[in-house]
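Chemist: Quick one, fold the following:
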Amino acid sequence: MTLEIRPDRDPAYPGGRLLLMDGVEASHVDLADPTRIAFEYLRHLVGVIDVVFPQGDSLDALQVGGGPCTLARYLTATRRRARVRVVERDGGVVQASRDHLMLDEVPRLQVEVGDGRAAIAVLPDASLDLVVVDAFVGLMAPHALSTAQFMEDVRRVLRPGGLHAMNLIDVEPLELARAVAAGMRDSGGAVALMADPAVLQHRTSGNVLLLSSDTPLPPQALGRALSR
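Modeler: This next block holds a predicted model:
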């Protein structure tokens, strides 16, 4: 795999960096402003998190698959008591982020190279508020992160009112998203699916966000957040 870091295409943001894997834009981070989120699916996820966990609150979060830790940087920048752990399998991405993207300067962030499923399996019950899965092998989410056992483990480590979010890339007829949503539902709680209308109408492939919580997700508040 070829890893490349480029400056932001917009000269108005000199701190912006694009991370490309084999020539494909995989991640973006703004070193000067960690609250600036360039990728649309991640803006949607941030909108959901801000509704479920208002800014200023403490937050214990774990992300499986972090890339340059764009989401983690946002969470620590907007919540002074947030404690975020990122487990990323790709040691090259982590090292590049340390060497070139100021990763070690992010406060209250623990980053490690390892297996996300194994990391969650050994966590105590009710120890996290947020679990985010944003990991890929090529364009596919690893099967191990969509099994019934993994869903049950995530539910076990989440506190009441906690949120499990998973980002997928799917194509019609969204068989993967349907299967993961069913697994989330079976593990208990409310489930929501978010995607571009063109993806839902089977006109193109794209990001699909799946959200699960044991507390009903507020559709009106989420709608207002996403409309911004």
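Chemist: from here on, contacts and neighbour counts on C-alpha atoms
Modeler: Noted.
Chemist: quick one, strands of this protein?
Modeler: 3-7, 16-21, 24-30, 59-64, 82-88, 109-113, 128-133, 158-170, 190-195, 206-213 (DSSP state E).
Chemist: would you list the ones you listed in CSV and tack on distance to Thr70 and mean pLDDT?
Modeler: Output for those, formatted as CSV (distance: least, C-alpha to C-alpha, whole Å; pLDDT from 0 to 100):
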stretch, distance to Thr70, mean pLDDT
strand 3-7, 14, 95
strand 16-21, 11, 95
strand 24-30, 5, 93
strand 59-64, 11, 97
strand 82-88, 11, 97
strand 109-113, 11, 97
strand 128-133, 12, 98
strand 158-170, 14, 95
strand 190-195, 20, 90
strand 206-213, 17, 94
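Chemist: could those strands be laid out in JSON lines, adding mean neighbour count and distance to Tyr74?
Modeler: Formatted as JSON lines, these follow (neighbours: other C-alpha atoms under 10 Å; distance: least, C-alpha to C-alpha, whole Å):
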{"stretch": "strand 3-7", "mean neighbour count": "15", "distance to Tyr74": "19"}
{"stretch": "strand 16-21", "mean neighbour count": "20", "distance to Tyr74": "14"}
{"stretch": "strand 24-30", "mean neighbour count": "19", "distance to Tyr74": "10"}
{"stretch": "strand 59-64", "mean neighbour count": "22", "distance to Tyr74": "12"}
{"stretch": "strand 82-88", "mean neighbour count": "23", "distance to Tyr74": "10"}
{"stretch": "strand 109-113", "mean neighbour count": "18", "distance to Tyr74": "11"}
{"stretch": "strand 128-133", "mean neighbour count": "23", "distance to Tyr74": "13"}
{"stretch": "strand 158-170", "mean neighbour count": "21", "distance to Tyr74": "16"}
{"stretch": "strand 190-195", "mean neighbour count": "17", "distance to Tyr74": "21"}
{"stretch": "strand 206-213", "mean neighbour count": "22", "distance to Tyr74": "18"}
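Chemist: show me the contacts for Glu112.
Modeler: Arg85, Val86, Val87, Glu88, Val94 (C-alpha atoms under 8 Å, 6 or more residues apart in numbering).
Chemist: And the first one, how close does it get to Ala119?
Modeler: In this structure, Arg85 and Ala119 are separated by 10 Å, where distance is defined by C-alpha to C-alpha, to the nearest Å.
Chemist: And for the fourth one?
Modeler: Summarising the geometry, the distance separating Glu88 from Ala119, computed by C-alpha to C-alpha, is 11 Å.
Chemist: do the same with Ser27
Modeler: Ser27 is 23 Å from Ala119, by C-alpha to C-alpha.
Chemist: In stretch 170-182, which residues are buried?
Modeler: Under the neighbour-count criterion of 16 or more other C-alpha atoms under 10 Å, stretch 170-182 has Asp170, Val171, Leu174, Leu176, Ala177, Val180, Ala181 buried.
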